[in-house]
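# Turn this into a model:
(one chain, ligands or ions: 1)
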Amino acid sequence: MSVRKPPMPKLLLNNVACMRNAQQILRHVNVSLHDGGALQVIGSNGSGKTTFLRMLAGFSKPSAGHVLWNGHDITESGVFHQYKLQLNWLTLKDAIKDKFRVLDNVQWFEVLEGKQGRSLPALELMGLGRLAKEKSRMLSMGQRKRLQLARLIAMDRPIWLLDEPTVALDADGLKLLEYIIAEHRKQGGIVIAATHQPIAMEDPMVLRLPPRFPRKMTLVDMLDRGGLD
Ligand SMILES: Nc1ncnc2c1ncn2[C@@H]1O[C@H](COP(=O)(O)OP(=O)(O)OP(=O)(O)O)[C@@H](O)[C@H]1O
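Numbers count the residues shown, from 1 in each chain. The predicted structure is shown next:
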């Protein structure tokens, strides 16, 4: 009888710690993600969600442990060069040039990827088709977020790192986000989302980061617990 080896995870975080400004922010983080996998990173303000995504994007190195992509340590320079081409990082800074058209703000990213013909359909999917030829400065906050989501689709990279992707989205926008995440995963993509607002996903892994500055108990908390005994 032959024993099949389980497939190697696409991304493996092995007992990872991370410092920021000489402070220990993350410790003992273990995550294993296969193609089509999803991870929701949850935690209070300042708990380290963005730090976690920055580390995965290669902006800071783990101070302990390893991040492995296809079994290779991403901090090795030859590996990092390949790994970073897999990533698409959506942040609160939207990198939208106000003076240029909505379509241009997606198409440049697509062209840099060596792709074409995806930007307009992506904008249409995100409900921005009619604004494609308008200057980007006229977009609302939620529309700017939708433009960022259209970029994700147009660039079509396998690993999405999403920092607070729901911010400024209305209920329809949130549904669209959930839809594109599900479609991306069906095609084998990986989604890692740091979020305060729940995003509906099928079987995500959940990483709960402990608060860095635990809140002192207030009178309201004591009353909620059933009195002051
Ligand atoms: N630029 C920075 N330089 C040094 N330390 C920082 C910097 N930004 C954040 N930190 C520290 O790192 C910790 C984690 O911050 P991080 O931004 O990762 O948290 P977060 O969970 O994403 O928070 P939020 O929910 O508020 O976005 C914070 O407690 C903060 O003290």
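
# Specify the beta-bridge partners of the spatially most central residue of the chain.
For the chain, the residue nearest the mean C-alpha position is L162 (1.9 Å; Cα atoms, centre = their mean). For L162, the beta-bridge partners are L90, A193 (DSSP bridges).

# which SS state does A168 fall under?
Under DSSP: H, G, I helix; E, B strand; the rest coil, A168 falls in the coil class.

# and it, how many residues sit next to it?
Counted with other Cβ atoms under 10 Å, residues neighbouring A168 total 17. For the C-beta atoms, the positions are set from N, CA and C on the backbone; glycine is no exception.

# which residue packs closest to it, ignoring adjacent ones?
Excluding the flanking residues, the one nearest A168 by Cβ to Cβ, 6 or more residues apart in numbering is M141, at 4.0 Å.

# T91 now?
That would be D163: by Cβ to Cβ, 6+ apart, it lies 4.9 Å from T91.

# What is the neighbour count of the residue nearest to A168?
Counted with other Cβ under 10 Å, M141 comes out at 11.

# For L169, report the pLDDT, please.
At L169, the predicted lDDT confidence score is 97.

# And D229, by the same measure?
Confidence score, pLDDT, at D229: 53.

# Give me the phi and psi for the residue nearest to A168.
M141 adopts backbone torsions of phi -60, psi -40, taken as degrees, to the nearest 10.

# I'd like the distance between the closest residue to A38 other than its chain neighbours and the ligand.
Leaving aside its chain neighbours, A38 sits nearest to P204 (4.1 Å; criterion: Cβ to Cβ, 6+ apart). According to Cβ to the nearest ligand atom, to the nearest Å, P204 and the ligand sit 18 Å apart.

# so what's P204 up against?
Contact analysis of P204 by Cβ atoms under 8 Å, 6 or more residues apart in numbering lists A38, L39, Q40.

# go on, K97?
K97 neighbours (Cβ under 8 Å, 6+ apart): D104, N105, S136.

# Against the ligand, which of those make the cut? List them.
Among those, no residue lies close to the ligand (Cβ under 6 Å from any ligand atom).

# Would you reformat those as JSON lines and include pLDDT and neighbour count?
Formatted as JSON lines, the contacts of K97 follow (pLDDT from 0 to 100; neighbours: other Cβ atoms under 10 Å):
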{"residue": "D104", "pLDDT": "98", "neighbour count": "18"}
{"residue": "N105", "pLDDT": "98", "neighbour count": "25"}
{"residue": "S136", "pLDDT": "97", "neighbour count": "21"}
